[in-house]
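Participant: Build me a structure from this.
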Amino acid sequence: MLRIGALTHLDWTKWFVTEKQHGDDLRRAEMILARFHTEALTRVRFAISPMFEMTRSIKVLQDPASAALHLPWVEQALPAVADLDLATLFALQSAPVYNPDFVNPPPSSPLVEFEDELAVMVATPPRQIAAEVRYAYEGVELPAVLEPFVTRPKRAIEGLAELMREYWARTHEAHWPRLRSLLEHDVLYRSRQIADGGTARLFCDLDPGVSWSEGVLRIECGVCESDLNLDERGLLLVPSVFVWPKVTILTLEPWQPTLAYPARGIGMLWSPDDASAPPDALERLVGRTRATLLTALDSPRSTTELAGELGLTPGGVSQHLGVLRDAGLVCGRRVARSVLYLRSAEGDVLVEASGTAEPAAA
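Facilitator: Purely as a prediction, here's the structure:
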């Protein structure tokens, strides 16, 4: 516990990151043991955080070689931010002790908006901002770019919000519908796992560094073994694109303990879209637009994502999807505030018979 003036500050967030073994840089892989009680098991939930994706992407820009899957994004992002001074973000995301909490407030709802998370960050009490920055660089010299967070925290946090807003607009805003869709797909998949086999099936398939046995979640990390007793706060699971290939766990009272893990399908995230035209037979049967939609729905996609990929309006996509759904060729399922659409078994039969792509993903 740290004391800020006469106030007792909450336990500091500890970010534990799994370490990979490379050459001489060998570190013993210890464990965090997250122990579930009955109440905690009922409070396992998912959330998607655009702020978390943005801040984690800073680490990718700092060290692109550590996240080779994201090199196509790096090649676009670096020129886009060439005139931005990102020294403050770099310093906040590479602190030797821990990454300050106010930069990554845990999401309070399943799918928050970037601006909402910025507002939470800006509302952080000035004393907390200053104390967290000091603690992040405890024992080493504080970078000059972070001095304002200690001497003028309110002004510094407002300036940081503007920088993050500009960085988001240049590097993430155009990609967010696609990223969000991938993260929503992961949540949908994990939800089905819970329905089919409970939390045991969920945790056993979450990540190679995570395992489940007899009510204990074992999370590999580069720190000494420690226990985390999950109470009525349960556990928040955050699928992430830019956390790959690491697993990160956050613990801070009174917030819900949070585990960020790599989402499924990241390997295909930046691959070029298959813009091949639908077969003539299918186009003549249902029309070009609906044929294109059917061809594209081999994996779950939202209306917004389809509109962006196919150059259509969201309203037009919704109308065509309504017709295809009434015909039993596609099905939809709500995830948070989006509806994800996928070809049905009947739609697969129709598309396959016309000589197109493979069946839709389960």
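Participant: contacts and neighbour counts: CA atoms only from here.
Facilitator: Will do.
Participant: in stretch 127-140, what counts as buried?
Facilitator: 127-137 (16 or more other C-alpha atoms under 10 Å).
Participant: Same question for stretch 156-165.
Facilitator: Buried-residue list, stretch 156-165, by 16+ other C-alpha under 10 Å: 156-158, 160-161, 163-165.
Participant: can you put these in a markdown table and add pLDDT, secondary structure and distance to Gly315?
Facilitator: Below are the buried residues of stretch 156-165 laid out as a markdown table (pLDDT from 0 to 100; DSSP: H, G, I helix; E, B strand; the rest coil; distance: C-alpha to C-alpha, whole Å):
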| residue | pLDDT | secondary structure | distance to Gly315 |
| --- | --- | --- | --- |
| Ala156 | 97 | helix | 41 |
| Ile157 | 97 | helix | 39 |
| Glu158 | 97 | helix | 37 |
| Leu160 | 97 | helix | 36 |
| Ala161 | 97 | helix | 33 |
| Leu163 | 97 | helix | 33 |
| Met164 | 97 | helix | 31 |
| Arg165 | 97 | helix | 28 |
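Participant: those strands in the stretch 151-300 of the chain, which residues are they?
Facilitator: 210-213, 216-221, 226-230, 235-240, 248-250, 258-262 (DSSP state E, counting those that start in this stretch).
Participant: Tyr135 against Val97, yeah?
Facilitator: Yes: Tyr135 lies in contact with Val97 (C-alpha atoms under 8 Å); the separation is 7.2 Å.
Participant: Using CSV, write out the CA atom coordinates for the helix or strand that contains Val349.
Facilitator: Using DSSP states H and E, Val349 sits in helix 345-353. The C-alpha coordinates for helix 345-353 follow below in CSV (Å, rounded to 0.1, in the frame of the first residue of the first chain):
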residue,chain,number,x,y,z
ALA,A,345,-25.6,-24.3,-43.6
GLU,A,346,-28.1,-23.6,-46.4
GLY,A,347,-26.0,-20.6,-47.5
ASP,A,348,-22.9,-22.8,-47.5
VAL,A,349,-24.6,-25.3,-49.8
LEU,A,350,-25.7,-22.6,-52.2
VAL,A,351,-22.2,-21.0,-52.4
GLU,A,352,-20.4,-24.3,-52.6
ALA,A,353,-22.7,-25.5,-55.4
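Participant: Output the contacting helices and strands for that helix.
Facilitator: Taking 3 or more C-alpha pairs under 8 Å, 6 or more residues apart in numbering; DSSP states H and E as contact, the helices and strands that helix 345-353 lies on are helix 288-296.
Participant: The next helix or strand after the helix it packs on pairs with which strands, parallel or anti?
Facilitator: Once helix 288-296 ends, the next helix or strand along the chain (criterion: DSSP H and E) is strand 301-302. Within its sheet, strand 301-302 is paired with strand 338-343 (antiparallel), according to DSSP bridges.
Participant: angle of the partner strand against helix 288-296?
Facilitator: 90 degrees (axes from the mean of the first three to the mean of the last three C-alpha atoms, to 10 degrees).
Participant: quick check: angle from strand 338-343 to helix 345-353?
Facilitator: Following the same axes, to 10 degrees, one obtains 50 degrees for the angle between strand 338-343 and helix 345-353.
Participant: re the thing from before, now distance to Arg290 too, for the buried residues of stretch 156-165, in a markdown table please.
Facilitator: Compiled in a markdown table, those are given as follows (distance: C-alpha to C-alpha, whole Å):
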| residue | distance to Arg290 |
| --- | --- |
| Ala156 | 51 |
| Ile157 | 48 |
| Glu158 | 47 |
| Leu160 | 45 |
| Ala161 | 42 |
| Leu163 | 42 |
| Met164 | 39 |
| Arg165 | 37 |
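Participant: Pull the most distant pair out of these.
Facilitator: The span of the buried residues of stretch 156-165, defined through C-alpha to C-alpha, is set by Ala156 and Arg165 at 14.2 Å.
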